[in-house]
Structures are given as structure tokens and as C-alpha cells.
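Colleague: below is the structure, and that's it, no one-letter string:
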């Protein structure tokens with residue numbers, strides 16, 4: 001048996017029009033999709049693109065296509081789907097590496113990224129480092145040598161959004177209108193990475209989240225901004241093509257129970273009834 005796992009993403013740290021096109025930096029957190037590939041008959045208990053990725057990896061390593069009929073895929077995932085948590089990227093990236101390992105092969109990050117974007121827009125959680133990524137072509141991959149030590153209170157909305165539907169929208173005029181804000185957000189992110197500064201990171205993500213409101217509205221966004229300001233949290237981030245919001249904090253410095261209470265008092269919890277305290281982790285397929 002060959003196994004691999006890839007983390008979820010709490011939305012994106014930043015996403016928008018950067019360097020002449022839409023780019024993103026994902027926010028890996030400690031939820032995972034784990035995929036196993038073994039010899040055996042497929043049983044149909046697979047996520048949609050897993051079999052497609054298995055076949056793509058066989059082709060990449062010049063293996064016969066009919067070999068797929070004798071390979072069994074199983075998976076276990078703690079990642080909610082259709083919320084902007086990179087569940088599909090985690091599924092297909094883990095499938096790719098598990099398949100390669102089953103074949104006795106390896107895939108580097110660049111090859112993995114190319115395989116993934118050939119199937120669908122892909123989150124940068126497949127990279128070990130935080131990476132500015134062209135999630136549709138893989139043409140841009142700018143990595144940063146910093147792993148923030150940060151917790152995230154993930155606010156989960158009951159609303160679901162198909163990422164492919166989001167990408168089919170005519171978004172370019174709005175993305176271009178927000179380009180200056182995203183340029184500033186990217187500058188702040190770069191400074192944060194250079195200085196290892198969580199507060200600057202929070203400014204960056206909040207600026208990107210504000211720009212995203214023009215594309216995909218998050219309920220109670222103004223109230224959440226006010227809460228971040230009043231409780232002196234680092235900032236907030238959003239799923240730019242999903243429904244979740246993350247409050248960026250340090251559980252050693254910030255009173256998480258008080259944050260929960262404030263969310264209740266301000267009726268924000270009505271729109272985000274499920275709340276999860278998570279930790280930022282390095283990306284990459286394990």
C-alpha cells in the first residue's frame with residue numbers, strides 16, 4: 001500500500017490580480033485528506049477527480065492506461081467540502097503522490113502542480129512553503145521562507161459553493177479594479193515574510209479579504225472587522241471562492257473563549273454556526 005496526505009487550506013491568505021493575472025497564497029491548516037493506492041479492484045468509493053488523477057500519473061510515468069483497472073483508491077478526509085477549504089486539491093494532490101509511490105516513483109512539487117492544474121484550479125497547499133501561485137496555469141510559483149506560528153478560528157458557514165462555478169463567473173473587471181489593493185496586500189505579505197511579523201501578515205490578509213467582498217460577499221463582514229480591531233487580533237482572511245472566514249490569532253495571547261462569546265453576543269454565530277480552532281501548518285504532500 002502507498003499512502004499520502006495533503007492539508008486543507010483555511011481559504012487564502014491573499015488572492016487577486018497580481019503580476020498580470022489572478023494569483024493566490026493558500027493558508028494550510030491541520031485538517032488533511034489521506035489517500036491510499038493499492039493493487040485491487042476499484043469500488044467506486046472515490047472522490048470525483050481521484051481516478052482521473054491516478055490515470056494522469058500513470059500517463060506521466062509512461063505506464064499503460066489499462067493498469068488503472070487493477071488499482072484501488074481509498075481515502076479518509078477531515079476537510080468539509082465546497083466551503084473554500086481546498087478539499088479537492090488535497091484529494092487530487094494526495095492521490096497523485098500515493099499513485100507515484102505505488103509505482104516506486106517520486107513527483108517533485110513542480111510536476112505535481114502541473115498535474116493538478118491540468119485537472120482543475122489548484123490551491124498552493126501542495127507546496128511545503130507558502131507560495132504565490134497561479135492556480136490556473138502553475139506558471140507562477142514564488143515561495144517564501146517563513147512558516148508563521150499562528151492559530152486560526154475558522155468560522156464555517158452552512159453555505160456551499162462549487163469552485164468551478166466560481167471560476168466560470170466573469171470576474172476580470174472586478175479583479176482589475178482591485179489590483180491596487182492586491183498589490184499592497186502582496187507587498188505587506190512580503191514584508192511580513194521577511195520580518196516574520198504576524199501583525200503585518202494580518203494586515204495583508206485583511207486587505208485581500210476586503211477586496212474579495214466585491215466578488216463574493218461574506219455575511220457580517222463589517223462586524224467581523226470590528227471584532228478583529230476591538231480584540232486586537234492579527235486580522236482575518238477569507239475563502240475567496242468559498243464561504244469560510246478565518247480569524248488570525250495566537251491562542252496563547254488571545255482569549256479564544258471570549259472571542260466565541262463575542263461572536264454569540266453580536267449574533268455573528270448565526271451566519272457561522274460551526275467554529276473550529278485550527279493551527280497553520282506547513283503545506284506539502286506528506
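Modeller: Structure's in. What do you need? Only a predicted model underlies this, so the values are computations on that prediction, with no experimental measurement involved. Numbers count the residues shown, from 1 in each chain.
Colleague: so how far is residue 148 from residue 233?
Modeller: Taking Cβ to Cβ, to the nearest Å as the measure, residue 233 falls 14 Å from residue 148. (Each C-beta comes from the backbone N, C-alpha and C, glycine too.)
Colleague: scratch that, residue 74 is what I was asking about
Modeller: Note on residue 74: its distance to residue 148, by Cβ to Cβ, is 33 Å.
Colleague: just residue 276 next, same as before
Modeller: Distance, residue 276 to residue 148, by Cβ to Cβ: 18 Å.
Colleague: next: residue 57.
Modeller: In terms of Cβ to Cβ, residue 57 sits 32 Å off from residue 148.
Colleague: of those two, who's got more company?
Modeller: The neighbour comparison of residue 57 against residue 148 (other Cβ atoms under 10 Å) goes to residue 57, with 24 against 19.
Colleague: list the contacts of that one.
Modeller: 95-96, 99-100, 103, 107, 115 (Cβ atoms under 8 Å, 6 or more residues apart in numbering).
Colleague: now residue 97: how far from residue 163?
Modeller: On the measure of Cβ to Cβ, residue 97 and residue 163 end up 21 Å apart.
Colleague: which one's more surrounded, those two?
Modeller: Neighbour comparison, residue 97 and residue 163: the larger count goes to residue 97, with 28 against 23 (by other Cβ under 10 Å).
Colleague: what's the burial count for the spatially closest residue to the more buried one that is not a sequence neighbour?
Modeller: Spatial nearest neighbour of residue 97, excluding adjacent residues (Cβ to Cβ, 6 or more residues apart in numbering): residue 4 at 3.8 Å. Using other Cβ under 10 Å, residue 4 is surrounded by 23 other residues.
Colleague: residue 4 - that's part of a helix, no?
Modeller: No - judged by DSSP: H, G, I helix; E, B strand; the rest coil, residue 4 forms no part of a helix; its state is strand.
Colleague: in the stretch 51-200 of the chain, where is pLDDT below threshold?
Modeller: Within the stretch 51-200 of the chain, the ranges that satisfy pLDDT under 70 run 164-165, 167.
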